[in-house]
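Peer 1: A predicted structure for the sequence below; I have some questions about it.
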Amino acid sequence: MKRAVFKNRALPYLLVLPQLAVTLVFFFWPAFESLRLSFFRTSPFGFEKLLASPEYYQSIVNSFVFAFGVTALGVGLGLLVAALATQKVRGLAAYRTAVLWPYGIAPPIAGIIFLFIFHPSYGVLPYWLGFVSAYEFNWLLKGWVAMALVIIATAWTHVGYNIAFFLAGLLAIPTSVLEAASVDGAGGIRRFRSIVLPLLSPITFYLVVVNLIFSFFGSFGVIHAVTQGGPGNATEIMVFKVYKDGFIGLNLGSSAAQSVLLMLVVIVLTAIQFRFVEKKVTYS
Amino acid sequence: MKRWASVIAVVAAALLLGGPAESLAKTEIHLWHAMGGQLGETVNELVKQFNQGQAEYEVKALNKGTYPEVLTGAIAAYRQKNPPHIVQVFDVGTQTMLLSGAIYPIFQLLKEQEIAVNWGDFIKPVTGYYSKDGNLFSMPFNSSSPILYYNKDAFKKAGLSPDKPPATWKEVGEASKKILAAGAAKCGFTTSWPSWTMLENTFPWHDQPFSTNQNGYTGLDTKLLINGEFGVKHIGQLAAWQKEGVYSYGGRMGQPDPKFINGDCAMLIQSSAVIGGFKRSLKFQWGTGQLPHWGAPYRKQNAVVGGATLWVMKGQKPADYKGVARFMKFIAEPHQQMWWHVTTGYLPITQTAIKNLEAGYHFKKNPEQATALGQLSARPTPNSLGHRLGNFVQIREAIESEMENIFAGKKTAKEGLDAAVAKGNEILKEFAAANKP
Amino acid sequence: MSPDGTLAAPARVEALPRVIEAPRPTPFDWGAVAVHALLLACVAVIAFPLYYAFVISTQTIEEVIARPPILRPSDHMFQNYVEAWTRAHMARLLWNSAVVAVVSAVGKIAISMLSAFAVVYFDFRGKAVAFWMIFVTLMLPVEVRIMSTYEVIGNLGWLNSYAGLTVPLMASATATFLFRQFYLTVPNELVEAAQLDGVGPLRFLWSFLLPLSWANIAALFVVLFIYGWNQYLWPLMITNTEAMRVVVIGLQDLIPRTGTHIPEWNVMMAAAMMALLPPVAVILFMQRWFVKGLIESEK
């Protein structure tokens, strides 16, 4: 659909100017600096070295495990609540209020809270787990336990956001659609799978992408506060490694090279999200 | 709504333009440090004492995050020609600071400002760590050394003498087993700051080289030596004890402390600087002993100091440095040294301060405060002067990751230490290449 | 699947009361009871960490480290909060955080509205380039480009200033993106009618688009306010004086970093409570517009 446009020579430039200025100064200039550093400053140690280092691959694997873990848990729990909510019980809005707020909690603060809950000596969770199983859930030594903990803590900060979206999506499904399905004798689970789930799929897809992006890039605070990438390198995800190598280790060359590779991931994910959203716009 | 928008815009503009109000009466001296919690307040108190004692300068202390964050922040700020006057950098950042080109050596500052300080009065292991060619480059501020803490109640319950802490590793193992058998605790001992206590200090303590080039003092092409016979024996024993419950790995930095505080572990190896905190919070009888030793054939040398020093940064107005020098002189004075030691548990670092404390029977009344000083009394050898490694923060990180792999049973001591050495040497090589003279 | 079903006709305001008007469950509807129980369980799981943090913030340090853990509030709340408030200079910290969050949110919304307007309602040379330059920045976090951004801020002389704290946070395209999506859903007839009446572009933006966008603006405001409030590494880097600190950093002040003192978890949690209350309050007060605005923009 061709949109009507205004005719003006200078005005559009003036309108995009503030945004472009900010983008150029705070995105392209630093990004260019990073690129320059990664190529010129560390010629013997740049990309080849990075790509030859097993720790880097470990961090890529960790990032994917972490991102998919957070997404599966966060979106999964969201879907569960959504499924329950299709039962049309009363007070959905109240439930939404009750789950939405963790989204407002800063990752470093969430980190502090979870650090205490998981604390090997004081934490309430290890204490309870001690009753359930004799297995030692020692996240200071066992990599998978540490990974599970940071996934839970991160998913927690985002689950309310997911649920809020699912509930909003559900409220938008006409009741008649659901009623028609139940008149046909479709059982609860089948009805959810065959009718509600497809209707929710655009939201689900959007949430999957948002959660992936968030856990790839926005989850620094939790790992920083809780595990610092350990034990071993078990919870060292790519963003944390960029921070650790560049900010803590002052190895700006390697850090810059990693930033450049991360930017590529960002661009790919953005393109995916874009394709999806653009398609939606043409449909409507 | 429109009215609101304009109100917000006006307020926003006012805020953006306003900026913070600064007092210009006194010359400000900025000090960046990494001390949070009660320690941060003690720093503020010390600074207040200086500010009230004279009228020309106002030291402003600011917590800039963790040790690494302070270091990186200061270097980034220096590049932007906006550094603090003084920055607190931890021991492992020493080499980075020395080669940064951003620092004004403390001996030179005090000489040029014509403020006399008797450097000979400073205790050797402290000046040795932070000196180059016999000159002190940064002002020791919070110095400590790892010692053994033990739970006297648990010792009694296990039939051990509460006045005799284990002195050797063999005794540590035996005592732990008795404690476990008697059910006096859930584990024998744990270690805070694992790389610092178990390697960086244990090697000098046994007069073993931690790395080549006299632990990095004589050149940049340094290589780690921790995977030799001694390292494998020591870490291998810890790994074996981890399996038996004698040793319980408790994480990095001070994370393991609670295991000792709540009585899970009967012993803890941790910095002497926690004494102040322990005095306030421990609910049982406790004592201290020196860092355990392996005995013959290894010689008993000295431990190295940990903690941090204050570095003076270049790039400030020349006139400010007078005040910086006076502040440095101030914190080196016996009165402040003693106050700082008694308040925090960090070591006094001048002979005069130590003598004064002895004269007041401080160490008689507080024997635990003397333990760390006793470990530092031997004359350092090239193996025990300190460590001067580039990017030490990353090296320590690599070492601790591998220690975790060893204690988790994923690697043998030899495999893990080999991997730590390989990673560490790589980091050292990069540092050497980036800092070619 | 038909993608036009859900998002093209999403949460209209009138859709909200529909649930409330839904047939009431009969008194013996065990299914509904089960659903409520499950939902309440979800709420409990999600609420527990915050509840526990609150409980800690009311206890003495002895109670905090007691075994078994004490899960009910104690009577030490007042002391802990006063301690946290005075020791961390909370008033100043909260004020700075509010300034950073509000200014960065309002600033970003303003520049994004303008650029999205230009991209949607004008044809101009270089439009595609400008468009991609803006959108490629969509998600790269400040942490990743922090060192080089710091140098840029230093070159501008903005270290330790509100400008340095806020303006770099505006360099992301999420808001522009959402406004663009929203403008694309505005019927063409509206523009055409406005143009027939001789309404100029700025007038159109101000009198037609802006009133239509309030839900989106509110939603964005929530997201951006939280984003700004919750920044950690960036404010830590560029603030050099106590007076410019924000609350998330001030909170770290209470954590003993050097590992040589016993953390006062109770005071820390009290400070954490004060630091997280404003963004959570913003969410709760604005949640209706928040969800609605986002869904509408995302279609």
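Peer 2: Cool, got the structure. Numbers count the residues shown, from 1 in each chain, chains lettered A, B, ... in the order given.

Peer 1: looking at this, B:Thr288 is in a strand?
Peer 2: Yes - the assignment for B:Thr288 is a strand, going by DSSP: H, G, I helix; E, B strand; the rest coil.

Peer 1: What pLDDT is listed against it?
Peer 2: Looking at B:Thr288, its pLDDT stands at 92.

Peer 1: and it, how many neighbours does it have?
Peer 2: Counted with other C-beta atoms under 10 Å in any protein chain shown, residues neighbouring B:Thr288 total 20. Where C-beta positions appear, they are placed from N, C-alpha and C, glycine not excepted.

Peer 1: ok, it - contacts?
Peer 2: Neighbouring residues of B:Thr288 by C-beta atoms under 8 Å, 6 or more residues apart in numbering or on different chains: B:Ile147, B:Leu148, B:Tyr149, B:Tyr150, B:Pro165, B:Ser272, B:Ile275, B:Pro367, B:Glu368, B:Thr371.

Peer 1: any idea how far it is from chain A?
Peer 2: Relative to chain A, B:Thr288 is positioned 21 Å away (C-beta to the nearest C-beta, to the nearest Å).

Peer 1: returning to what we had before: and which of the contacts of B:Thr288 is nearest to chain A?
Peer 2: B:Tyr149 (15.3 Å; C-beta to the nearest C-beta).

Peer 1: ok, that closest one - contacts?
Peer 2: Per C-beta under 8 Å, 6+ apart, neighbours of B:Tyr149: B:Phe260, B:Met267, B:Leu268, B:Ile269, B:Gln270, B:Val274, B:Phe278, B:Trp286, B:Gly287, B:Thr288.

Peer 1: Quick check: the gap between C:Ala88 and C:Ala270.
Peer 2: Between C:Ala88 and C:Ala270 the distance is 10 Å, computed by C-beta to C-beta, to the nearest Å.

Peer 1: more crowded one of those two?
Peer 2: Higher neighbour count among C:Ala88 and C:Ala270: C:Ala270, with 29 against 25, using other C-beta under 10 Å.

Peer 1: what about the chain, any weak spots by pLDDT?
Peer 2: Using chain A here. Applying pLDDT under 70 to chain A picks out residues A:1-4, A:34, A:37-46, A:85-89, A:178-188, A:270, A:273-274, A:276-284.

Peer 1: Please refer instead to chain C.
Peer 2: C:1-31, C:137-145, C:172, C:255-262, C:291-299.

Peer 1: What is the longest helix of it by residue count?
Peer 2: The residue-count maximum for a helix in chain C (DSSP state H) belongs to helix C:265-298.

Peer 1: Contact partners for the residue in the stretch 201-350 of chain B that chain A sits nearest to?
Peer 2: Chain A sits closest to B:Pro258 of the stretch 201-350 of chain B, with a gap of 3.5 Å, by C-beta to the nearest C-beta. Applying C-beta under 8 Å, 6+ apart, we find B:Pro258 in contact with A:His119, A:Pro120, A:Ser121, A:Tyr122, B:Gly250, B:Asp264, C:Ile65.

Peer 1: do C:Thr239 as well
Peer 2: C:Thr239 neighbours (C-beta under 8 Å, 6+ apart): C:Asn160, C:Leu165, C:Arg245, C:Val246, C:Ile249.

Peer 1: what's the neighbour count on the first one?
Peer 2: By that I understand C:Asn160. The burial count assigned to C:Asn160 is 19, neighbours taken as other C-beta under 10 Å.

Peer 1: now it, nearest residue through space, not along the chain?
Peer 2: C:Asn240 (4.4 Å; C-beta to C-beta, 6 or more residues apart in numbering or on different chains).

Peer 1: Give the helix, strand or coil label for that neighbour.
Peer 2: C:Asn240 - assigned by three-state DSSP - is coil.

Peer 1: wait, it sits on B:Ala76?
Peer 2: No - shown here, C:Asn240 and B:Ala76 do not form a contact pair, counting by C-beta atoms under 8 Å, at 11.3 Å.

Peer 1: Which one (most neighbours) among the contacts of B:Thr288?
Peer 2: B:Ser272 (29 neighbours).

Peer 1: Give me the longest helix you can find in chain B.
Peer 2: Max-length helix for chain B by DSSP H is helix B:413-434.

Peer 1: Would you mind listing what in chain B touches chain A?
Peer 2: B:68-69, B:71-72, B:75, B:96, B:249-252, B:255, B:258-259, B:261-262, B:264, B:391, B:393-394, B:397, B:400-402, B:404-405, B:407-408, B:410, B:423, B:427, B:430, B:433-434 (C-beta under 8 Å from any C-beta of the partner chain).

Peer 1: now, which of those lie within strands?
Peer 2: Assigned to strands by DSSP state E, none of these qualify.

Peer 1: Please narrow these to those residing in helices.
Peer 2: B:68-69, B:71-72, B:75, B:96, B:258-259, B:261, B:393-394, B:397, B:400-402, B:404-405, B:407, B:423, B:427, B:430, B:433-434.

Peer 1: Filter those residues down to the buried ones.
Peer 2: B:68-69, B:71-72, B:75, B:96, B:258-259, B:261, B:393-394, B:397, B:400-402, B:404-405, B:407, B:423, B:427, B:430, B:434 (16 or more other C-beta atoms under 10 Å in any protein chain shown).

Peer 1: do you know how far B:Leu46 is from chain C?
Peer 2: Counting by C-beta to the nearest C-beta, the gap from B:Leu46 to chain C is 15 Å.

Peer 1: What's the local residue count around that residue?
Peer 2: Counted with other C-beta under 10 Å, B:Leu46 comes out at 21.

Peer 1: before we move on, what about C:Phe124?
Peer 2: Look at C:Phe124: counted by other C-beta under 10 Å, it has 17 neighbours.

Peer 1: Just give me the neighbour total for the residue lying closest to it once chain neighbours are set aside.
Peer 2: Counting by C-beta to C-beta, 6+ apart, A:Pro12 is the residue found nearest to C:Phe124 once chain neighbours are left out, at 4.2 Å. Other residues lying near A:Pro12 total 25 when counted by other C-beta under 10 Å.

Peer 1: and A:Pro12, what helix or strand is that in?
Peer 2: helix A:11-23 (DSSP states H and E).

Peer 1: same for that helix, what does it pack against?
Peer 2: In terms of contacts (3 or more C-beta pairs under 8 Å, 6 or more residues apart in numbering or on different chains; DSSP states H and E), helix A:11-23 is packed against helix C:90-121, helix C:127-135.

Peer 1: The first one and chain A, are they touching?
Peer 2: Yep, that's helix C:90-121 we're talking about. Yes - applying C-beta under 8 Å from any C-beta, one finds helix C:90-121 touching chain A at C:Ala110, C:Ile111, C:Ser112, C:Leu114, C:Ser115, C:Phe117, C:Ala118, C:Val119, C:Val120, C:Tyr121.

Peer 1: Kindly report the same for the last one.
Peer 2: Yes - Helix C:127-135 comes into contact with chain A when judged by C-beta under 8 Å from any C-beta, the residues involved being C:Lys127, C:Ala130, C:Met133, C:Ile134, C:Phe135.
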